[in-house]
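Undergrad: Predicted model, plus sequence, below.
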Amino acid sequence: MKRRNILNLLNEGKLITTEQAPSSSNGEFWSSLLRIRQANDTHAFKPFVQCNICKQFLSYEPKNGTHSLSQHAHNCLKKPLSSKITKSIQKYLKKDPSVSLEDKQKITIVCAKFCAFDMQSFNSVKGDG
């Protein structure tokens, strides 16, 4: 089974994720990982886990140990959260309609000074924006 197939099977409901750590492992890093298993069999785990932090799928075979999983979880926890989340450009484009009266007055004075000192037409500061 390949990593790219895991996501498809999860979306189809044939596989599910679970927080159940292996009974043979007691590392704290398991709180950052989800094991993947068959939806209809509580003991049929797949050889993959999913990181709760970065959502990446990682290979996991109990016989091979958990050092790489532990390192991955440790490194993910060290990264700042903002680097993991891509913010929508809409967040930066929204206009905030709550401009105080005091701020509006300050803007008007600054615009008037700009026009007076730089000999600009009042039309240069006319309109929205």
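TA: Now that the structure is in, tell me what you want to look at. Being a predicted model, the structure only gives us computed values, none of them experimental.

Undergrad: I'd like the next helix or strand past the worst-scoring helix or strand of the chain on mean pLDDT.
TA: Lowest on mean pLDDT, DSSP states H and E among the helices and strands of the chain sits helix 89-93, with a mean of 68. Using DSSP states H and E, the next helix or strand after helix 89-93 towards the C-terminus is helix 101-117.

Undergrad: Helices along the protein, start to end?
TA: Ranges of helices within the chain are 3-12, 67-78, 89-93, 101-117, based on DSSP state H.

Undergrad: Next, the buried residues of the second one.
TA: Okay, so that is helix 67-78. For helix 67-78, the buried set under the neighbour-count rule, 16 or more other CB atoms under 10 Å, comprises L69, S70, H72, A73, C76. C-betas here are computed from N, CA, C, even on glycine.

Undergrad: Report the backbone C-alpha coordinates of it in CSV.
TA: Extracted as CSV, the C-alpha positions of helix 67-78 are listed here (Å, rounded to 0.1, in the frame of the first residue of the first chain):
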residue,chain,number,x,y,z
HIS,A,67,13.1,6.6,16.4
SER,A,68,12.2,8.3,13.2
LEU,A,69,8.6,8.8,14.3
SER,A,70,9.8,10.3,17.6
GLN,A,71,12.2,12.6,15.7
HIS,A,72,9.4,13.7,13.4
ALA,A,73,7.0,14.6,16.2
HIS,A,74,9.8,16.4,18.1
ASN,A,75,10.7,18.5,15.0
CYS,A,76,7.1,19.3,14.2
LEU,A,77,6.5,20.5,17.8
LYS,A,78,9.5,22.8,17.5
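
Undergrad: Output the contacting helices and strands for it.
TA: strand 45-51, strand 57-59 (3 or more CB pairs under 8 Å, 6 or more residues apart in numbering; DSSP states H and E).

Undergrad: can you redo those as a markdown table with mean neighbour count?
TA: Listed next are the helices and strands packed on helix 67-78 as a markdown table, based on neighbours: other CB atoms under 10 Å:
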| stretch | mean neighbour count |
| --- | --- |
| strand 45-51 | 19 |
| strand 57-59 | 15 |
